[in-house]
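Participant: show me how the following folds:
(2 chains)
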Amino acid sequence: DQQVKQNSPSLSVQEGRISILNCDYTNSMFDYFLWYKKYPAEGPTFLISISSIKDKNEDGRFTVFLNKSAKHLSLHIVPSQPGDSAVYFCAARGGNQGGKLIFGQGTELSVKP
Amino acid sequence: DVKVTQSSRYLVKRTGEKVFLECVQDMDHENMFWYRQDPGLGLRLIYFSYDVKMKEKGDIPEGYSVSREKKERFSLILESASTNQTSMYLCATKGYQAGELFFGEGSRLTVL
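Facilitator: Numbers count the residues shown, from 1 in each chain, chains lettered A, B, ... in the order given. Below is the predicted model of the structure:
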């Protein structure tokens, strides 16, 4: 069963507008959530994270929101730029799993000039 | 900067061949991971290691084995490659911030 789900395989937005990427999870024991960004032919790179004890974390143009009651998190990118075009993976960490992360399926973001 | 180096970017192998994918990290990290990435399935954990000679199965270990003889090196082995193992393979190490993984550039394996 998929414990971390990204239900939108792709998203297209105009440059300068907001991009919102969504992620749902099923395991209430997850204690940390992360977003990774991946360009073609490169490995994923860490973007932003949030602890389960918080509901928001902001880093420049990127903000992650966590709604624990809904088991939902989202990544907001404002304003979106063409260089943000990539695949975004949501990931979650179980409390006692030695750093092991469980990833969602990914959402391909395309930011059009 | 953390550097995670995967030995081969692109490989083409035949069904039944033995395949070695090597990963080397330069940061003395203890935890290392092998994931595979497939369209629509995201990244799935194959095996991980939290110390030399220690290994744990991930979510999809069937058809794979691993070796960690030195702290900096973590190898993924396909004893007898099959076409359903055609994929992008990603090695990662765990840094010191909670949950943060550092990935190599990936090895794209095609099994014919």
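
Participant: what residue in chain A comes nearest to chain B?
Facilitator: For chain A and chain B, the shortest gap (CB to the nearest CB) falls at A:Gly43, measuring 3.2 Å. C-beta here means a position set from N, CA and C on the backbone, and glycine is covered the same way.

Participant: phi, psi for that residue please.
Facilitator: In terms of degrees, to the nearest 10, the main-chain angles of A:Gly43 are phi -80, psi 160.

Participant: tell me the contacts of it?
Facilitator: Going by CB atoms under 8 Å, 6 or more residues apart in numbering or on different chains, A:Gly43 touches B:Val4, B:Leu90, B:Ala92, B:Phe103, B:Gly104, B:Glu105, B:Gly106.

Participant: mind listing what the first one touches?
Facilitator: In this case it means B:Val4. Here B:Val4 is in contact with A:Gly43, B:Cys23, B:Val24, B:Gln25, B:Cys91, B:Ala92, B:Thr93, B:Phe102, B:Phe103, B:Gly104 (CB under 8 Å, 6+ apart).

Participant: what about 6 Å?
Facilitator: B:Gln25, B:Cys91, B:Thr93, B:Phe102, B:Gly104 (CB atoms under 6 Å, 6 or more residues apart in numbering or on different chains).

Participant: where neighbours are concerned, which of these has the most?
Facilitator: The residue in these with the most neighbours, by other CB atoms under 10 Å in any protein chain shown, is B:Cys91 (28 neighbours).

Participant: wait, doesn't B:Thr83 sit right on B:Thr110?
Facilitator: No - when contacts are counted by CB atoms under 6 Å, B:Thr83 is not listed as touching B:Thr110 (9.0 Å).

Participant: quick one, which of these two is more surrounded?
Facilitator: The residue with more neighbours, out of B:Thr83 and B:Thr110, is B:Thr110; 13 against 10, by other CB under 10 Å.
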